[in-house]
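>>> Below is the sequence, then the predicted model.
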2 protein chains.
Amino acid sequence: MRHDGGMNEAASPQTIDLLIEAGHIVPVAPHGVVLQDHAIAIDKGVILALLPRDEARARYAPKETVSRPDSVLIPGLVNGHTHNPMTLMRGVADDLPLKVWLQQHIWPIEGAVIGPDFVADGCTLAIAEMLRGGTTCANENYFFPDVQAATYKKFGFRARIGLPVIDFPTAWASSDDEYFDRAGEVHDQWRDDALIKTAFAPHAPYTVDDDNFSRVRVLADQLDIPVHLHLHETAQEVQQSIDQYGMRPIARLDRLGLFNDRLIAVHMTQLTEAEIHLCAERGVSVVHCPESNLKLASGFCPACALMKAGVTLAIGTDGAASNNDLDMVGETRTAAILAKAVAEDAAALSAAEALRAATLGGAKAMGLEDLVGSLEPGKQADIACIDMAQIETQPLHQVISQVIYATGRHQVTDVWIAGKPKLRGRQLVDMDEAGILANARQWRERIGAVEISR
Amino acid sequence: MRHDGGMNEAASPQTIDLLIEAGHIVPVAPHGVVLQDHAIAIDKGVILALLPRDEARARYAPKETVSRPDSVLIPGLVNGHTHNPMTLMRGVADDLPLKVWLQQHIWPIEGAVIGPDFVADGCTLAIAEMLRGGTTCANENYFFPDVQAATYKKFGFRARIGLPVIDFPTAWASSDDEYFDRAGEVHDQWRDDALIKTAFAPHAPYTVDDDNFSRVRVLADQLDIPVHLHLHETAQEVQQSIDQYGMRPIARLDRLGLFNDRLIAVHMTQLTEAEIHLCAERGVSVVHCPESNLKLASGFCPACALMKAGVTLAIGTDGAASNNDLDMVGETRTAAILAKAVAEDAAALSAAEALRAATLGGAKAMGLEDLVGSLEPGKQADIACIDMAQIETQPLHQVISQVIYATGRHQVTDVWIAGKPKLRGRQLVDMDEAGILANARQWRERIGAVEISR
């Protein structure tokens, strides 16, 4: 197999920015393929070609060559659903019913500490964690999207930033109009950025009324951006909608014109057969957050049934305050094994299908499939390199199996976003790790004081 | 809180082998306790005391002091169910129905390669992996228990070695009598060893007939050792027993006198309310292997219901050919979050309860609770040290939550078994890591050749 730009082999070597050679490359598209002893040629942040290593050495004159004979290159992982500023609340209150967790811990803490510094510091910690685990793109969902966008941009991390809409006042906006005004401002500020995109992020069916959903629909069409929404997360949510609106949330969204190919539906643990097929018919994407759904006892998303019906399936970690990490390697493994138990079929959601969900699936859900999600010529060079020469991943019988079922995220050694190195030999590039850790300790004191004072 | 040997503080410092100081210690017994800035005093492999760090420095003159201010000490993890020689087949065949996996891949490979070298090399790789992930004790279940025992002993790793009994001939034994004869020989050889113990390991209700089960019962009583058995792993197993014996496997074992406090019942995904209570009544221990159960689509073990009924709950990884790792940190996390979804209660199987299952629960199930499973004076110094000063486990709001829900096994920096260092600053002590990796590569070729030749 070979992808290239149609170069003449007799020509003198072409100068390029970067050549990454690896023992194995899993491009994700085409599906299930493993290339052995290949290389990726990169210039100006874009993938030029995937080709055999020796051929690459003859054809290109790279300014930098990175050689990883014991490693696997995969597309950077795409985290389909996060609340990254909440990373500062990681593990602050666990093993509690959702209502107690939210009302007695998370909301009081947020009430006391939320603001631009909390959002910037939380995002920074999260970016460091994501890079150390091979994630290169995040679908973000929290308040202060302006601060988030600036933070992701600062570190050269790819993100789609949710523009929050919720029926009650928060530190971000005090009225419906203000939510939409501020959303428009943030969108305008980033509309032409290569790394930072936006989405509408109405919180959930039980916190957004029909008027606000209708405004979201009109504006999302107008700005041509996705709608990122918690949907059918719990049985209670569905029941509450039936009580209040006389229909299930999906039916209500459909009536409001929002159940379409702009919609990134997160969680989806409560689905009928008909709803699964409606997702496929309307082009709705589903972000599966298996560990959050398990830990909060929300239910089981029918991941395999959705995939079989033709729905775009992505994987998300949810926020570190509930999950409690941003580990896409582990989350994808959980998705793959949980899908089998839920489908009662050990062949359900194979390793290759799970890896596709965590990369190209996320990119498709986020409307970024032309840019990222697979290692193909013309796409951005968002790449993660995993060291397989460790006790835990030997012997290496099947590469994709090993990546999904045996690899730990700490085996990610190098990460590039748009061809720029972000992690190099486990060291963060252009991020002050000691400073981030010191800062996290400060937040531990500040948040701990809130918990004690109540 | 303080545990000590009642020493007089005015006395001159007592010479001891080792003092380990840590930012936090979770002794597991008492339940849920976190000691801050404490130390563990160790002499001749035994824990003498847990006490505040400054007090420890005044009271003891240790030959060696290990100081880990940013770390948590926990009891070494106890892997309640493994087939460690199979680590050489890690990921060789995934995403397949159980029958295809077993009959078309695992059995043909075993047929071609099984023998003392396979067992010794597989166990060695597994011991390296377990130590690198904080595991210090394994409940082993495979053929060639003599080779396993010698391998565990060689590396100073604590294990209970299953003495296999199965109704058909294998490379280990060719007749019923030979299984029991060889079991007796292996037991005799290791009967007085401090690290190596034995158990009977009849394979499963569908591969062991009533006569062999009856012999196991008599001999287990006589030798005073546990019985380690796959039980109620799948709905098919239960149905097959009903078809063949007119009763469910638990009822059959009960009739044969084996459903008692010697029994270590592994998997148990198919349980009625009455069976859960029978486990409690009879003192049967349950080893929960959540990731194997998910990946093979076996079903969901009611872990929380078992614990609430008073059943001793342990955690096991199962073999790396099916799981595909020996990661007790990850397995315990999966157990904790899966239990909540199965119980439909976000408060089910708390972090502290999950940690107890992975340590003291395993020790109890294996009949080793007087020796290991918690950090208490008089017990063996089997200890794992976890570095929490990493991006992924900051901020550190709640120590036990962080260990269970956010820690990766690669954060284990140091491990001691019976007070002897086995992992020091992530480096294996007295194991040749490069040699083990080279050996794993050889097995990759050898097993790969078997797969190709069929």
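That came through, no problem. Residues are numbered from 1 along each chain as shown, chains lettered A, B, ... in the order given.
>>> Can you name the helix or strand that residue A:138 falls in?
Element membership for residue A:138 (DSSP states H and E) is strand A:135-140.
>>> what does the stretch 51-200 of chain A have sitting close to chain B?
Counting by CB under 8 Å from any CB of the partner chain, the stretch 51-200 of chain A comes close to chain B at A:88-98, A:101, A:125, A:128-129, A:132-133. For every residue, glycine as well, the C-beta is placed using N, CA and C.
>>> if you set the cut-off to 10 Å instead, what comes out?
A:70, A:87-101, A:125-133 (CB under 10 Å from any CB of the partner chain).
>>> avg pLDDT for stretch A:91-105?
Mean pLDDT, computed over stretch A:91-105, is 88.
>>> Hmm, residue B:393 and residue A:125 touching each other?
No: using CB atoms under 10 Å, residue A:125 makes no contact with residue B:393, being 11.2 Å away.
>>> what sits up against whichever helix or strand residue A:100 is part of?
Following DSSP H and E, the helix or strand that holds residue A:100 is helix A:98-100. Contacts to helix A:98-100, defined as CB atoms under 10 Å, 6 or more residues apart in numbering or on different chains, come from residues A:93, A:106, A:233, A:234, A:236, A:296, A:297, A:298, A:322, B:346, B:347.
>>> For stretch A:392-399, measure first residue to last.
13 Å (CA to CA, to the nearest Å).
>>> next one: it to chain centre, how far?
26 Å (CA atoms, centre = their mean, to the nearest Å).
>>> pLDDT below threshold where in chain A?
Scanning chain A for pLDDT under 70 picks out A:1-10, A:453-454.
>>> who's in contact with residue A:439?
For residue A:439, the contact set (CB under 10 Å, 6+ apart) comprises A:88, A:117, A:120, A:121, A:122, A:124, A:125, A:432, B:394, B:395.
>>> and with 7 Å instead?
By CB atoms under 7 Å, 6 or more residues apart in numbering or on different chains, the contact list for residue A:439 reads residue A:121.
>>> swap in the one 4 residues further on?
With contact set as CB under 7 Å, 6+ apart, residue A:443 has these partners: A:88, A:121, B:395.
>>> neighbour-wise, which of those leads?
Ranked by neighbour count (other CB atoms under 10 Å in any protein chain shown), the contacts of residue A:443 have residue A:88 at the top, with 29 neighbours.
>>> How about the contacts made by it?
Counted by CB under 7 Å, 6+ apart, residue A:88 has contacts A:118, A:121, A:122, A:125, A:443, A:447, B:395.
>>> between the residues you listed, which is nearest residue A:193?
Nearest to residue A:193 out of the contacts of residue A:88 is residue A:122 (CB to CB; 21.0 Å).
>>> What distance do you get for that closest one to residue A:113?
10 Å (CB to CB, to the nearest Å).
>>> more neighbours, those two?
Each of residue A:122 and residue A:113 has its neighbours counted (other CB under 10 Å); residue A:122 has more, 31 against 18.
>>> correct me, but the more buried one touches residue A:87?
Yes: with contact defined as CB atoms under 7 Å, residue A:122 counts as touching residue A:87 (4.9 Å).
>>> CA atoms only: put the longest strand that chain A contains into PDB for me.
Secondary structure assigned by DSSP state E gives strand A:60-75 as the longest strand of chain A. Taking Å, rounded to 0.1, in the frame of the first residue of the first chain, the C-alpha atoms of strand A:60-75 are listed here in PDB:
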ATOM      1  CA  TYR A  60      12.900  13.500   0.700                       C
ATOM      2  CA  ALA A  61      15.500  15.800   2.200                       C
ATOM      3  CA  PRO A  62      13.800  16.400   5.600                       C
ATOM      4  CA  LYS A  63      15.000  19.200   7.900                       C
ATOM      5  CA  GLU A  64      14.300  16.900  10.700                       C
ATOM      6  CA  THR A  65      13.900  13.100  10.900                       C
ATOM      7  CA  VAL A  66      12.400  11.300  13.800                       C
ATOM      8  CA  SER A  67      13.000   7.600  13.800                       C
ATOM      9  CA  ARG A  68      10.900   5.200  16.000                       C
ATOM     10  CA  PRO A  69      11.500   1.600  14.900                       C
ATOM     11  CA  ASP A  70       9.800   0.200  18.000                       C
ATOM     12  CA  SER A  71       6.800   2.400  17.900                       C
ATOM     13  CA  VAL A  72       3.400   2.700  16.300                       C
ATOM     14  CA  LEU A  73       2.100   6.000  14.800                       C
ATOM     15  CA  ILE A  74      -1.600   6.600  15.000                       C
ATOM     16  CA  PRO A  75      -3.700   9.700  14.200                       C
END
